[in-house]
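In: predicted model and sequence follow; I will ask about them next.
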Amino acid sequence: MKPQAKNYHSNWNSVIPWYNKEMEVSILRLLCLNPESSLLDVGCGNGALARAIPKNIKYLGFDASQTLINQALDKNPNHKFIVADAQKFIASETYTHAAMILSLQNMKDPQQVIKNIRANKVLLVLNHPMFRIPRQSSWLTDGRKINRYITPLEIPITSHPGEQNSEITWTFHHSLSDYSKYAHEAGFTIDLIEEWVTDRNVEKVQKEFPLFMAILLSRRA
């Protein structure tokens, strides 16, 4: 029997509550948009970033999911949303800024995605590539256990554990050195890296292990 082709659809449901809360604080601070800015939102999901930025900013958001694009659509004439695959789509013009908020980790070929971005500043927000690896990291009573890190991984995620025939989504693990290499080869330098702990009320030891990482890139002259 021929192996079934992998469906690399990914599910945002588990991160939307954190995403909506954190955006106006850390993400907009790092983007540092002004009235002359334009923003390319790669893997825009349900359009949460579009709703958070100033209304006069020129914005193009795209995602591979028609369902999410339908949720993102709004009446702002400065906003445009399209269905597109980030591994193939290249914008027809250059933007001052681009953002990939918890989306790059759900794309099979992040190197190609970064190469396709036409922007001068790029903000990546990821599940922490060392401390938050599905099925390869977990909490201990006195710290964090990491089973694997360096090797790239394709990790299936069950959307609704315990349910029969639950949808399977995919996440793709890469090391920080991988992301640095992909950015460098695409013509970017790293300006800043921030590591964010969970916003939940957790034990002290859990505040020592960041679960999210933000990487700010600039295009080389």
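Out: Happy to help now that I have it.

In: worst-scoring helix or strand of the chain, pLDDT-wise?
Out: Using mean pLDDT, DSSP states H and E, helix 16-22 stands out as the lowest-scoring helix or strand of the chain, at a mean of 57.

In: what's the next secondary structure element after that one?
Out: Once helix 16-22 ends, the next helix or strand along the chain (criterion: DSSP states H and E) is helix 28-31.

In: who touches that next one?
Out: Here helix 28-31 makes contact (C-beta atoms under 8 Å, 6 or more residues apart in numbering) with 37, 39, 52-53, 97, 99, 121, 123, 192, 194, 214, 216. From N, CA and C alone the C-beta is placed, and that goes for glycine too.

In: longest helix in this structure, by number of residues?
Out: The residue-count maximum for a helix in the chain (DSSP state H) belongs to helix 176-185.

In: rewinding a little: export the contacts of helix 28-31 as TSV, with columns for neighbour count.
Out: What follows is those, written out as TSV (neighbours: other C-beta atoms under 10 Å):
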residue	neighbour count
Ser37	19
Leu39	26
Ala52	14
Ile53	23
His97	22
Ala99	28
Lys121	21
Leu123	24
Leu192	11
Glu194	14
Ala214	20
Leu216	19
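
In: just the ones in strands from these, please.
Out: Secondary structure from DSSP state E places 39, 97, 99, 121, 123, 192, 194, 214, 216 of those in strands.

In: who touches the first one in this structure?
Out: So the one you mean is Leu39. With C-beta under 8 Å, 6+ apart, Leu39 has these contacts: 31, 33, 49, 53, 57-60, 95-99.

In: what bits of this structure have low per-residue confidence?
Out: Residues of the chain that meet the criterion pLDDT under 70 lie in 1-23, 159-162, 166, 199-202.

In: which residue is nearest the middle of it?
Out: Leu102 (2.3 Å; C-alpha atoms, centre = their mean).

In: touching, that one and Val125? I think so.
Out: Yes: Leu102 lies in contact with Val125 (C-beta atoms under 8 Å); the separation is 5.7 Å.

In: about what we covered before: what's the closest of the ones in strands among the contacts of helix 28-31 to Ser65?
Out: Ala99 (17.0 Å; C-beta to C-beta).

In: who's in contact with the residue lying closest to the closest one once chain neighbours are set aside?
Out: Computed as C-beta to C-beta, 6 or more residues apart in numbering, the closest residue to Ala99 that is not its neighbour in sequence is Leu123, at 4.8 Å. Under the criterion of C-beta under 8 Å, 6+ apart, the neighbours of Leu123 are 27, 30-31, 97-101, 214-217.
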